[in-house]
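Q: Quick one: sequence plus predicted model below, questions after.
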Amino acid sequence: MRKILIYQIEMAHSGKQPLLQAGQDMDSDLDKDDGSEIVLDASIRDTSRIIPGQTRDKYYLTYFSFYLLGIVVITPWSFFVTANDYWMYKFRDVNTNVSMFINEKQTTLQVEFTSFLNVAASVPTLLFLILNIYLIKRVSLSARVLTVMILMLFLFIMTVIFVNVNTDGWQEQFFVLTMVTMIVLNGCSAILSGSIFGIVGNFSSIYITAVNSGQSLGGIFAAIAEIISLAVGASSTHAAFVYFIIGSATIFLGIICYVLMVNTIFFKYNIRVKSLEDYSDSSSLIKDVDYSVIFRKIWTIGVTCFMVLFTTTCVSPGVTVLVESEGKGQSKWSDIFFVPVINYLLFNVSDYIGRLSAGRFTKPDNLIVLVVMSFSRLIFVPLLLLCNAQPRHHLDVVFSRDYEFIIILALFALSNGYLVNAAVIKAPKLVEQHETEVALCIISVFIGFGMAFGSLSGYLIVKLL
């Protein structure tokens, strides 16, 4: 079948047989799982309208859809962690009437919530990213993507319902329920992320940047929504109600855009026809995907992504969310807006700028230098620990001024976005076309490992304060 495939493609390129006809005649053979092909759904298999060389991203629908899917990937994490005001209300000390904004003594659930949320997000993400490597050869792309997004939408709607449920009498149980919800949401997000990163490698680097930048834009979007809800003076529950509805609408829009995207000629050409052309670009038969070979090609990219995410999740948001303004108790800025504006909005804007910069300036070319740069970010861990994070029992505060924390956090986020996107963009260039999906899925696993180990370390680091 392989020899027939190469012959038919060569004939197609020579003009003796249309490529589409060759593709249609071989659909049933190509969609069999022989270890070297992704499992394609029916809509992607339909290549009857594709004309090689005459496809374009009409109205930039595919680009916009990848951007939005990047936002959807990060939506569970960004919306849950940014709604700090709401969670602090849910887990407040119900036996006191003191406002949580000026209450110096936080409850145990309030102090540990973000760290637990970090672990509940990162560990399942790692496990499901590994699972996704096996799913890509057994479950069709659309089945994976649509199933997890529909489940995410259901869980967000459930979260909206619980906003108006009085949980004061069962805070511990609600805490556990929230963590379980986060685990499932991030498991879905991991499968979605692995699937999207796998297919976007078949497109040009600007589409990889779109997915990566969409993740930062999702954080910005969540932070702005939270800030607006606080600015209008709504109660914590009313603000959260609107806030999580916005998250639900984002996921719903993502489902619609995905369905539209996979039915475009441009998408089918990049996923289907480019894969066929890859067979004709070799004098010998295409080999099955060898994971060890791919690993040897991309290990520097994997280590870079691991270290960047490990360093970031060590202290963000577990430690950074605890940093208080030097003017705490004196103004609304210090008491209400400091955390969402600086810890979430500033962080995500800086991260977004870093990712966009990497899309235009993908240096350094030497991958070892990229690895060294990722390790150098470890300096930010002690720097942020020495900022004004409260409560603390062991370390002294060295950087007590707001501007010091802002500069450190902005550089921290900027380097995170730049190094991650620069590394991921380089990955598809290191492997063959038919290895791209597995390669990017492996990179996603490295990212998952970094987040998991970082979040677990972050829980211990909070205890050092």
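A: Sure, I can see it.
Q: residues near residue 162, how many?
A: Counted with other CB atoms under 10 Å, the neighbours of residue 162 add up to 15. To be clear about C-beta, it is placed using only N, CA and C from the backbone, and glycine gets the same treatment.
Q: ugh, wrong one, I meant residue 443
A: 28.
Q: Spatially, which residue comes closest to it, not counting chain neighbours?
A: residue 427 (5.4 Å; CB to CB, 6 or more residues apart in numbering).
Q: next one: residue 321
A: residue 114 (5.0 Å).
Q: Which secondary structure element is home to the one you found?
A: helix 108-135 (DSSP states H and E).
Q: now do residue 413
A: Per DSSP H and E, residue 413 falls inside helix 402-426.
Q: Helix 108-135 and the next helix or strand after that helix, what's the angle between them?
A: Of the helices and strands lying after helix 402-426 in sequence (DSSP H and E), the nearest is helix 436-464. Angle, helix 436-464 to helix 108-135, by axes from the mean of the first three to the mean of the last three CA atoms, to 10 degrees: 160 degrees.
Q: Could I get the buried residue list for helix 436-464?
A: Buried positions in helix 436-464, judged by neighbour count with 16 or more other CB atoms under 10 Å: 436-459, 461-462.
Q: same for the host helix or strand of residue 241, what does it pack against?
A: Assessed by DSSP H and E, residue 241 sits inside helix 236-261. Secondary-structure packing of helix 236-261 (3 or more CB pairs under 8 Å, 6 or more residues apart in numbering; DSSP states H and E): helix 61-82, helix 84-90, helix 141-163, helix 205-231.
Q: and those helices, which is most packed in?
A: Of all these, helix 61-82 carries the top mean neighbour count, a mean of 25, counting by mean count of other CB atoms under 10 Å.
Q: quick one: average pLDDT of it?
A: Helix 61-82 shows a mean pLDDT of 90.
Q: any idea of the angle it forms with helix 236-261?
A: Using the same axes, to 10 degrees: helix 61-82 against helix 236-261 is 160 degrees.
Q: Helix 205-231 and helix 61-82, what's the angle between them?
A: Computed by the same axes, to 10 degrees, the angle between helix 61-82 and helix 205-231 is 40 degrees.
Q: Flag the helix or strand of the chain with the lowest per-element mean pLDDT.
A: helix 27-30 (a mean of 36; mean pLDDT, DSSP states H and E).
Q: What is the helix holding residue 114 packed up against?
A: helix 61-82, helix 84-90, helix 171-200, helix 436-464.
Q: Grab the nearest non-local neighbour of residue 174.
A: Closest residue to residue 174 apart from its sequence neighbours, by CB to CB, 6+ apart: residue 167 at 4.1 Å.
Q: what about the one you found, neighbour count?
A: Count around residue 167 with other CB under 10 Å applied: 17.
Q: The one 3 residues further on now?
A: A total of 12 residues lie near residue 170 under the criterion other CB under 10 Å.
Q: Contact partners for residue 445?
A: Contact analysis of residue 445 by CB atoms under 8 Å, 6 or more residues apart in numbering lists 126, 129, 130, 133, 194, 302.
Q: Of the residues you listed, just say which sits nearest to residue 317.
A: residue 126 (18.4 Å; CB to CB).
Q: returning to that earlier point: measure the residue nearest to residue 443 to residue 433 for me?
A: Distance, residue 427 to residue 433, using CB to CB, to the nearest Å: 13 Å.
Q: So those two - more neighbours on which side?
A: Between residue 427 and residue 433, counting by other CB under 10 Å, residue 427 is the more crowded of the two (24 against 17).
Q: Tell me if I'm right that the more buried one and residue 304 touch.
A: No - between residue 427 and residue 304 there is no contact under CB atoms under 8 Å: 9.9 Å.
Q: Check the residue nearest to residue 145 when sequence neighbours are not counted and give its pLDDT.
A: Setting aside the residues directly before and after it, residue 145 is nearest to residue 195 in space (CB to CB, 6+ apart), at 5.4 Å. At residue 195, the model reports a pLDDT of 86.
Q: My read is that residue 195 contacts residue 132, right?
A: Yes - the criterion here is CB under 8 Å, and residue 195 meets it with residue 132 at 6.5 Å.
Q: who touches both of those two?
A: With CB under 8 Å, 6+ apart, residue 195 and residue 132 have common neighbours residue 144.
Q: okay, those two: which has more neighbours?
A: Per other CB under 10 Å, whichever of residue 195 and residue 132 has more neighbours is residue 195, with 27 against 24.
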